[in-house]
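J.: pasting the sequence and the predicted coordinates here, then a few questions.
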Amino acid sequence: MRIFCRGFNLYNQLDLPDKCVENFTSSFKDIPPERLHINHTYSVTYAKEKLMVYCNIASKQPIVIENLPKIKQITSNERFILVLTECHQLFKISIDDWKPLLLSNFFDTEECIKMISSNSKISVAYTDKGCIYNIPEKLDFLNEDIVDIQTGREHCILLDKSGNIYAFGSGSRGQLGTGDLNEQETPILVHALAGIKIIKIAAGGWHSAAISADGDLYTWGWNGNGQLGLFSEGDNGVSVMATPHVVDIHGCLDKRVVQVACGSKHTVVLLDNNFLYGCGWNKYKQLKSDEKDEYYSFEFIADYGEDGVEKVICGPWNTAVMCGPPK
């Protein structure tokens, strides 16, 4: 696996020497990770059955977190890492001491945790019984067909195998897609996308995105920095869009969107020709190396046509691309 990163790197979370990485640069080369989660002050990777944390320490060497079973999924926020193991155990690792703590008291003993997602103010777990936990609270919701969970700073969106999206948490900036700014304590169907088969979802700081089976991109939520990509050059549009809208990526009407990732205030998509486009906040060059701080429509970022992109990842103020072996 090859990783290319750009953007904010003040705490060495991209494993590169520059504090601001202005172009996509090969990173994490010593032990290329199978999984990567980027946060404000650190990144956590999983490679060769080792969990490692990259942060601003004197030795510049990653912290290796040991004594964990084989890992299925990792997620993190500013305060801790959550690790889900292949045997369905959930561990919490505090950034104060980097010691794993098994979380076992919050869940029904007959349930196995299948998926997790975490952000600044919300951590979510989904079980094999179709239950959702806003850890530690079990929500009044049951759906055994959930296939993906994505969390923003204060909200969560869920995708089921039929292509329906559910959302809960804070809706103060329209990030739930329900057409209003109300909070939802339990998951509610996003009716604006009902009847459209959604296959992929992403959540940013206060915005959300989805890809349909037809390759169309939908965005909604906060647009204060252009992260919805809905408006043309010179037209900043509205700051909040509480209902999902389809996005026109200029000059790419014949191309399908195949991946989407959201940072705190930016959005990046991969098209089926392996071209990368992005919009939103660009202060730390997380999108492009020019002097513009914001893009209100999707701009071409990079051509990964020969690199076999496997995943696009956004940290809060960073962007990363995971590629397979060279062809």
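T.: Happy to help now that I have it. Remember, predicted model here, so these are calculated numbers, not experimental data.
J.: where's Tyr46 relative to Lys72, distance?
T.: Using Cβ to Cβ, to the nearest Å, Tyr46 is found at 10 Å from Lys72. C-beta coordinates here come from the backbone N, C-alpha and C atoms, glycine included.
J.: neighbour-wise, which of those two wins?
T.: Neighbours per residue (other Cβ atoms under 10 Å) separate Tyr46 from Lys72, with Tyr46 holding more: 22 against 18.
J.: now the more buried one, nearest residue through space, not along the chain?
T.: Of all residues not flanking Tyr46 in the chain, Arg35 sits nearest, at 4.3 Å (Cβ to Cβ, 6 or more residues apart in numbering).
J.: which regions of the protein sit below the pLDDT cut-off?
T.: Confidence mapping of the chain against pLDDT under 70 gives the ranges 58-59, 233-236, 327.
J.: biggest strand in this protein by residues?
T.: Identified as the longest strand of the chain according to DSSP state E is strand 294-303.
J.: list the helices and strands that one packs on?
T.: strand 266-271, strand 275-281 (3 or more Cβ pairs under 8 Å, 6 or more residues apart in numbering; DSSP states H and E).
J.: now the next helix or strand after it: buried residues?
T.: Sequence order places strand 309-315 as the next helix or strand after strand 294-303, per DSSP states H and E. Buried residues in strand 309-315, counted by 16 or more other Cβ atoms under 10 Å: 309, 312-315.
J.: now the element after strand 309-315, going C-ward?
T.: strand 318-323.
J.: can you list the strands that that following strand pairs with?
T.: strand 2-8 (antiparallel), strand 309-315 (antiparallel) (DSSP bridges).
J.: from the rest of the structure, what touches it?
T.: Contacts to strand 318-323, defined as Cβ atoms under 8 Å, 6 or more residues apart in numbering, come from residues 1-9, 13-14, 21, 24, 27, 36, 38, 261, 263, 266, 268, 276, 278, 284, 286-287, 301-302, 304, 307-314.
J.: can I have the buried ones of these as a ChimeraX selection?
T.: Buried members of the contacts of strand 318-323 can be picked out in ChimeraX with the line below, counting by 16+ other Cβ under 10 Å:
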select :1,2,3,4,5,6,7,8,9,13,14,21,24,27,36,38,261,263,266,268,276,278,284,286,287,301,302,304,307,309,312,313,314
